[in-house]
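Asks: okay, here's the prediction I keep looking at, along with the sequence it came from:
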Amino acid sequence: MRQRLLEATVQCLAEHGWSGTSTTLISQVAGVSRGAQLHHFPTKNDLVVAAVEHLAGVRRDELSAAAAALPEGPGRTRAVLQMLGEHFTSDVFAAALDLWVAARSDEALLAALVPFERVTGRETHKLTVEMLDADESQPGARELVQATLDLIRGLGLANTISNDDARRARILDRWAAVLEDELPRRNKENP
């Protein structure tokens, strides 16, 4: 039941945003009584903190699974960017984004969100380094990896207003070429 409530919370955040998500709606979507919801999560804050933790885990698991399915060899850099682009335009990212915006003016939510986002950010950076085979001991490599994540996150943010797949594809094509030319790699034969 707890898992159903957490999944319903993420679904409500993705579909209705922070302002449109209530514990009553979450209970309805989860198919549980309000009393059962209150038993597991006595306050909305308790539910949101648990949902933030759950959402961080879902984001991590989705990225790890997608990373494992990436091709090797030529074209890998572009495939990594495509995978990250899909992640940062997903419903899970939209739910996280809505929480970020709400946390700007909600101190309790901000306090709950920041530790999970720090961990998620570090894990995403580390995974991206691994996927791109970046050699972060070399000057500029760390910054290029972080610029990649910032760029793709920004494209994901823009996608919340309007779908612009063609523009995003052109940008990612160009960025893949930049990375192939500029990013120091651990294995020089496998860009």
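Replies: Looks like it came in fine. Keep in mind it's a predicted model, so treat the numbers as computed, not measured.
Asks: report the buried residues of the helix or strand where A8 lies.
Replies: Per DSSP states H and E: A8 is located in helix 2-20. Neighbour counts over helix 2-20 (16 or more other Cβ atoms under 10 Å) mark 4-14, 16-18 as buried. Glycine gets a C-beta too; all of them are placed from N, C-alpha and C.
Asks: dump those residues into CSV; add distance to T43 and pLDDT as well.
Replies: Listed next are these as CSV, based on distance: Cβ to Cβ, whole Å; pLDDT from 0 to 100:
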residue, distance to T43, pLDDT
R4, 18, 91
L5, 13, 92
L6, 15, 90
E7, 19, 88
A8, 16, 91
T9, 13, 87
V10, 18, 84
Q11, 20, 87
C12, 16, 88
L13, 17, 83
A14, 22, 82
H16, 19, 88
G17, 20, 82
W18, 16, 82
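Asks: the helix holding A8 packs against which elements?
Replies: Helices and strands touching helix 2-20, by 3 or more Cβ pairs under 8 Å, 6 or more residues apart in numbering; DSSP states H and E, are helix 23-30, helix 34-40, helix 44-68, helix 91-103.
Asks: which residues are contacting the third one?
Replies: With contact meaning Cβ atoms under 8 Å, 6 or more residues apart in numbering, helix 44-68 is reached by 2, 5-7, 9-10, 13, 22-23, 26, 37, 40-41, 83, 86-87, 90, 92-93, 95-96, 99, 108-109, 112-113, 116-117, 119-120, 123-124, 127, 130-131.
Asks: need the buried ones from the residues you listed selected in ChimeraX.
Replies: A single ChimeraX command selects the buried members of the contacts of helix 44-68 (16+ other Cβ under 10 Å):
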select :5,6,7,9,10,13,23,26,37,40,41,83,87,90,92,93,95,96,99,109,112,113,116,117,120,124,127,131
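Asks: so, low pLDDT: which residues of the chain?
Replies: For the chain, the stretches flagged by pLDDT under 70 are 188-191.
Asks: give me the nearest residue to the residue most central in space within it, chain neighbours excluded.
Replies: The residue lying closest to the centre of the chain (Cα atoms, centre = their mean) is F93, at 4.6 Å. Distances taken as Cβ to Cβ, 6 or more residues apart in numbering put G156 closest to F93, at 5.5 Å, once the chain neighbours are dropped.
Asks: I'd say that neighbour and V92 touch.
Replies: No - with contact defined as Cβ atoms under 8 Å, G156 does not count as touching V92 (10.8 Å).
Asks: what about A134, how many neighbours?
Replies: Look at A134: counted by other Cβ atoms under 10 Å, it has 21 neighbours.
Asks: who's in contact with the closest residue to it other than its chain neighbours?
Replies: Distances taken as Cβ to Cβ, 6+ apart place A141 nearest to A134, at 4.9 Å, with adjacent residues excluded. By Cβ under 8 Å, 6+ apart, the residues touching A141 are 134-135, 183-184.
Asks: make JSON lines from those residues and add secondary structure to it.
Replies: Converted to JSON lines, the contacts of A141 look like this (DSSP: H, G, I helix; E, B strand; the rest coil):
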{"residue": "A134", "secondary structure": "strand"}
{"residue": "D135", "secondary structure": "coil"}
{"residue": "L183", "secondary structure": "coil"}
{"residue": "P184", "secondary structure": "coil"}
